[in-house]
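In: Curious how this folds, go ahead:
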Amino acid sequence: MVKVITYGTYDLLHYGHIRLLERAKALGDYLIVGITSDDYDKTRGKINNQQSLIERIAAVKATGIADEIIVEEYEGQKIDDIRRYDVDIFTVGSDWEGKFDYLNEYCKVIYLPRTEGVSSSEIRAEKRKLIIGTIGEGNLCKKFIREMKFVNGVEYKECGDSLENVDAVYVATHPDNHYSDVKRALEAGMHVICESPIALSLSECQELMNLAHEKNLVLADAIKTAYSTAYSRLLVVAKSGRIGDIVSVDAVCSSLADGATEQGVNLSKKQNSICAWGPTAMLPVFQLLGKEYRSKSIVTRILDKNLNYDGFTKIDFVFDKAVASVKVAKAAKAEGELIISGTKGYIYVPAPWWKTDYFEVRFENAADNKRHFYQLDGEGIRYEIVAFAKAVESGRHNIYIGEETSKAIVGVIEDFNRHNYTEI
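Out: Purely as a prediction, here's the structure:
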């Protein structure tokens, strides 16, 4: 029996895919089709597949051409698969000609002509693009606009105060203005992705969420860390029981780059530490331990009492069976790491953990330790844009950051703004 193997993403399965599979099947007696995982596609720069891995597998299976379907998850897997399945022929489309000649050492390599005039990229390009504008100025908006260029299916347009000619807006204004800016956009019928916190009070946050639901609009929390692959996998590992029961989460976020301590700086135009870093630092706390904490205490160092501008803040949470500690600072510096402690081991994420492409699972016996590496492009912003665009298209909201998490973050910041803290 002659075994043939081929690989692909098979996003938006079309006639060209089917013809290629048919030609591959005709080369032998048994066809194995490798379908790339979402994570592996990200490492290859393919970040905006329209279909999930499950949907893509189902589409290939439905053709009835493949005798066996496997998932490609890492670089170098092709050699492992050829050996494991005793493959005789490896084949892919001719647009990859020469790329896989190294596999001739392990089996015969055949490049098949592709069907002209049809591709998944063309199909995606033909779909109406989501037009996104921005509200705000500065580096956050510049980064967001720059990263949109890497995402198919979205397009940037200036919207101005009238919010014309756009379907959605990215809000990156001062947190004091988030509520009014988001509300204005929602009332104009725009989908919104807003830098966290969405509002500065729970009542305002709930009002905005209710308005979004009433108008069937997406309101997303733009904490870019939540959309990165490494962070998503970290949550899965932590919740899986690999390190036992979670007993502590410690997150630190700090930066002096904003110049908060410089002489004569105008703090009124800058975010304080709790708004700039608090949402990111609190994200793993609430996503791992839940939102129902028994108690919390806030200790802060205030730089400007009139603005309630904190240069450093520490928040301690007590849950039923765990504790958490969050440190955020724009006028102090600390190691920006994340540590999740469990009864069997712990997860360590080095600084800056909020931009991580790597984390370690560590145990008492160091031989059991495992390192996890994942691609991170554009600080996670382009993944955030992809997720937002998919949410708008599908109508499925808050997949990465649930509404209850967003509200928990706002609730802590509201307490801070009410001066429910101890000052040092």
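In: helix/strand/coil for the closest residue to residue 78 other than its chain neighbours?
Out: Excluding its sequence neighbours, the residue lying closest to residue 78 (CB to CB, 6 or more residues apart in numbering) is residue 103, at 6.4 Å. (C-beta placed from N, C-alpha, C; glycine too.) Under the three-state scheme (DSSP: H, G, I helix; E, B strand; the rest coil), residue 103 adopts helix.
In: Quick one: residues contacting residue 103.
Out: Counting by CB atoms under 8 Å, 6 or more residues apart in numbering, residue 103 touches 78-79, 82, 90, 109.
In: pLDDT-wise, which helix or strand of this structure ranks last?
Out: Lowest on mean pLDDT, DSSP states H and E among the helices and strands of the chain sits helix 120-126, with a mean of 52.
In: What helices and strands are in contact with whichever helix or strand comes after that one?
Out: Next along the chain after helix 120-126, taking DSSP states H and E as the criterion, comes strand 130-135. Contacts defined by 3 or more CB pairs under 8 Å, 6 or more residues apart in numbering; DSSP states H and E place strand 130-135 against helix 139-148, strand 154-156, strand 168-171, helix 381-394.
In: Show me what the third one is packed up against.
Out: Applying 3+ CB pairs under 8 Å, 6+ apart, one finds that strand 168-171 makes contact with strand 130-135, helix 175-187, strand 191-194.
In: re the thing from before, distance to residue 56 and mean neighbour count added to the helices and strands packed on strand 130-135, as CSV?
Out: Listed next are those as CSV, based on distance: least, CB to CB, whole Å; neighbours: other CB atoms under 10 Å:
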stretch, distance to residue 56, mean neighbour count
helix 139-148, 25, 17
strand 154-156, 21, 19
strand 168-171, 26, 25
helix 381-394, 14, 22
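In: Mind splitting this protein into its structural domains?
Out: 3-119, 123-224, 241-375 (automatic domain parsing).
In: Dump those into TSV; add distance to residue 391 as well.
Out: Below are the domains of the chain laid out as TSV (distance: least, CB to CB, whole Å):
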stretch	distance to residue 391
domain 3-119	13
domain 123-224	5
domain 241-375	18
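In: hey, least reliable of those domains by pLDDT?
Out: Mean pLDDT is lowest for domain 3-119 out of those, coming in at a mean of 88.
In: What strand or helix carries residue 203?
Out: Here residue 203 is assigned to helix 202-214, by DSSP H and E.
In: Adjacent strands (with direction) for whichever helix or strand comes after that helix?
Out: Per DSSP H and E, helix 202-214 leads on to strand 219-221 as the next helix or strand towards the C-terminus. The pairing partners recorded for strand 219-221 under DSSP bridges are strand 191-194 (parallel).
In: Show me the contact partners of the partner strand.
Out: Strand 191-194 is contacted by residues 167-172, 178, 181-182, 185-186, 212, 217-222, 384, 388, 392 when judged by CB under 8 Å, 6+ apart.
In: how about residue 221, what does it touch?
Out: 193-194, 196, 198, 279, 398, 401, 405-406, 409.
In: export those residues to CSV and tack on secondary structure?
Out: Below are the contacts of residue 221 laid out as CSV (three-state DSSP):
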residue, secondary structure
193, strand
194, strand
196, coil
198, coil
279, helix
398, coil
401, coil
405, helix
406, helix
409, helix
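In: Just put the residues you listed in a markdown table and tack on distance to residue 150 and neighbour count.
Out: Formatted as a markdown table, the contacts of residue 221 follow (distance: CB to CB, whole Å; neighbours: other CB atoms under 10 Å):
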| residue | distance to residue 150 | neighbour count |
| --- | --- | --- |
| 193 | 16 | 26 |
| 194 | 21 | 26 |
| 196 | 22 | 26 |
| 198 | 25 | 28 |
| 279 | 24 | 29 |
| 398 | 23 | 17 |
| 401 | 21 | 24 |
| 405 | 27 | 23 |
| 406 | 26 | 26 |
| 409 | 28 | 26 |
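In: which among those gets closest to residue 52?
Out: Checking these against residue 52 by CB to CB gives residue 398 as the nearest, at 17.0 Å.
In: ranges for the helices of this protein?
Out: Remark: helices assigned in the chain by DSSP state H are 15-26, 38-43, 53-63, 77-84, 120-126, 139-148, 175-187, 202-214, 229-239, 273-276, 278-289, 381-394, 403-417.
In: and the gap between the residue nearest in space to the middle of the chain and residue 377?
Out: Centroid check for the chain by CA atoms, centre = their mean gives residue 227 as the closest residue, at 1.0 Å. Note on residue 227: its distance to residue 377, by CB to CB, to the nearest Å, is 11 Å.
In: Mutual contacts of these two, please.
Out: Residues touching both residue 227 and residue 377 comprise residue 383, with contact defined as CB under 8 Å, 6+ apart.
In: returning to what we had before: I'd like the contacts of residue 103 laid out as JSON lines, including neighbour count and distance to residue 252.
Out: Below are the contacts of residue 103 laid out as JSON lines (neighbours: other CB atoms under 10 Å; distance: CB to CB, whole Å):
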{"residue": "78", "neighbour count": "21", "distance to residue 252": "41"}
{"residue": "79", "neighbour count": "14", "distance to residue 252": "41"}
{"residue": "82", "neighbour count": "20", "distance to residue 252": "46"}
{"residue": "90", "neighbour count": "27", "distance to residue 252": "48"}
{"residue": "109", "neighbour count": "19", "distance to residue 252": "50"}
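In: Which pair of those residues spans the longest distance?
Out: 79 and 109 (12.2 Å).
In: picking up where we left off before, so which of the helices of the chain is nearest residue 322?
Out: That would be, of the helices of the chain and by CB to CB, helix 278-289, which comes in at 5.2 Å.
In: Outside of the closest one itself, list whatever touches it.
Out: Contact with helix 278-289 is made by 196-197, 221, 223, 225-226, 231, 234-235, 238-239, 246, 249, 251-253, 313, 315, 317, 319, 322, 324, 326-328, 338, 340, 354, 401, 404-405, 408-409, 412-413, 416, as judged by CB under 8 Å, 6+ apart.
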